[in-house]
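In: got a structure for you, letters missing:
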Ligand code: TRP
């Protein structure tokens, strides 16, 4: 890596099928860094087991997430693509950072509160310390920029706080990372309950559009999307359903709110929903075709994750040995 080259790190959990929210809010943005930055994109399987997983499905989705990274445009020659558990330094630094993360800080994490409410029978310690492992992911690579969806903002802030705290005690050790949270793609909401985030674990299949959904499913889901009793396509407070559809349309077409309002002036919600469906299906078609090709080539996926892990481990080891020395471990 060049000395002045900035570093980007992000991760996606291989739990559940990825949605257009994951695509528009995170993965699609990853590609914009490939040329100018040293980029690490990780499939975070260690994070996935904070919620109970079916082992065969976790394994399958790990391959799928890697294939989706590439299908979305991440060339493994230009980006380090790897699986978190293949680089044990993540777990090791995760433990160390647990000891520099406060119980009170973790208790304030909204994702922890949401997930514990949803998984009341399995509020495990890993779910609680999830953000310190995420901090380890980021800090291991001396990351400058972390592209994530808005829902991860609090976790990024925690990673910064942990880095600053550690640096204060031991002297400069970690780069203090910045989140890259695109404001031009708002949070994508559920099609059925547009005040809630579109979640890959939603039980209502019509609420969620998956990256791998085929056109007829996409059209059906948008046709059923919840709107409001008004009938004007306009971005406005209280029109959560329409605002969400406008955001999705905007993300796939590049059109502004004003352009969309003009385009659908005098037309009803029905026409608008069909147009959103078309734009979404068209926008995903290329990714899906490439995905189909990649997922069939398991040997290539395995070679890619192996090469990625070797590369990542090289950089991770540098930070980890520095940390071990600073905290006083014998080498
Ligand atoms: N918590 C992130 C999410 O659910 C996934 C993640 C794990 C991550 N480690 C990361 C994202 C490090 C960015 C950087 O979306």
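Out: Perfect, thanks for sending it. Every value quoted in this text rests on a predicted model; they were computed, and no experiment measured them.
In: please make it C-alpha for all contacts and neighbour counts, starting now.
Out: Noted.
In: neighbours of residue 317, how many?
Out: 17 (other CA atoms under 10 Å).
In: please name the nearest non-neighbouring residue to it.
Out: residue 89 (6.9 Å; CA to CA, 6 or more residues apart in numbering).
In: hmm, that neighbour is touching residue 313, no?
Out: Yes: between residue 89 and residue 313 there is a contact under CA atoms under 8 Å: 7.4 Å.
In: let me know the pLDDT of the residue of the stretch 101-250 of the chain at minimum distance from the ligand.
Out: Here the residue of the stretch 101-250 of the chain nearest the ligand is residue 134; by CA to the nearest ligand atom that distance is 4.1 Å. Residue 134 is assigned 98 on the pLDDT scale.
In: separation between it and residue 249?
Out: According to CA to CA, to the nearest Å, residue 134 and residue 249 sit 31 Å apart.
In: please apply the same query to residue 204.
Out: 22 Å.
In: comparing those two, which residue is more hemmed in?
Out: residue 249 (23 against 12).
In: contact partners for the more buried one?
Out: Neighbour list for residue 249: 255, 275, 276, 279, 280 [criterion: CA atoms under 8 Å, 6 or more residues apart in numbering].
In: ok, 6 Å please
Out: Residues counted as contacts of residue 249 (CA atoms under 6 Å, 6 or more residues apart in numbering) are residue 276.
In: just for the stretch 1-150 of the chain, where's the confidence low?
Out: Counting by pLDDT under 70, the ranges of the stretch 1-150 of the chain that qualify are 1-3.
In: kindly recompute the last result at 80.
Out: 1-4 (pLDDT under 80).
In: next: the stretch 151-300 of the chain.
Out: Using pLDDT under 80, the flagged stretches of the stretch 151-300 of the chain are 182-186.
In: all strands of the protein, in order?
Out: Secondary structure of the chain, counting by DSSP state E: strands at 7-12, 38-43, 80-83, 145-147, 178-180.
In: mind checking which of the ones you listed is nearest residue 120?
Out: In this view, the strands of the chain are compared for proximity to residue 120 by CA to CA, and strand 7-12 is the closest at 23.5 Å.
In: what's the angle between that closest one and strand 38-43?
Out: 10 degrees (axes from the mean of the first three to the mean of the last three CA atoms, to 10 degrees).
In: who does the lengthiest helix in the chain touch, helix- and strand-wise?
Out: Counting residues, the longest helix found in the chain (DSSP state H) is helix 298-327. Packing partners of helix 298-327 (3 or more CA pairs under 6 Å, 6 or more residues apart in numbering; DSSP states H and E): strand 80-83.
In: does any part of the strand it packs on sit near the ligand?
Out: No: contact of strand 80-83 with the ligand (CA under 6 Å from any ligand atom) is absent, the minimum separation being 11.1 Å.
In: now do that strand: which elements does it pack against?
Out: Counting contacts by 3+ CA pairs under 6 Å, 6+ apart, strand 80-83 packs against strand 38-43, helix 298-327.
In: let's see that with 8 Å instead.
Out: strand 38-43, helix 55-71, helix 298-327 (3 or more CA pairs under 8 Å, 6 or more residues apart in numbering; DSSP states H and E).
In: got the contact list for stretch 137-146?
Out: The contact list for stretch 137-146, computed with CA under 8 Å, 6+ apart, reads 6-10, 89-90, 93-94, 156, 159, 163, 174-180, 315-316, 319-320.
In: neighbours of residue 202, how many?
Out: 13.
In: check contacts around the spatially closest residue to it that is not a sequence neighbour.
Out: Distances taken as CA to CA, 6+ apart place residue 208 nearest to residue 202, at 7.2 Å, with adjacent residues excluded. Residue 208 sits next to 19, 190, 191, 198, 199, 200, 202, 221 when contact means CA under 8 Å, 6+ apart.
In: kindly report the same for residue 72.
Out: Residues near residue 72 by CA under 8 Å, 6+ apart: 27, 28, 31, 287.
In: now it: how far from residue 29?
Out: Residue 72 sits 10 Å away from residue 29, going by CA to CA.
In: now do the contacts for the residue nearest to residue 240 when sequence neighbours are not counted.
Out: Nearest residue to residue 240, sequence neighbours excluded (CA to CA, 6+ apart): residue 194, at 5.5 Å. Counting by CA under 8 Å, 6+ apart, residue 194 makes contact with 226, 240, 241, 244.
In: ok, residue 95 next?
Out: 132, 133.
In: same thing but 10 Å
Out: Each residue near residue 95 by CA atoms under 10 Å, 6 or more residues apart in numbering is listed here: 89, 129, 132, 133, 136.
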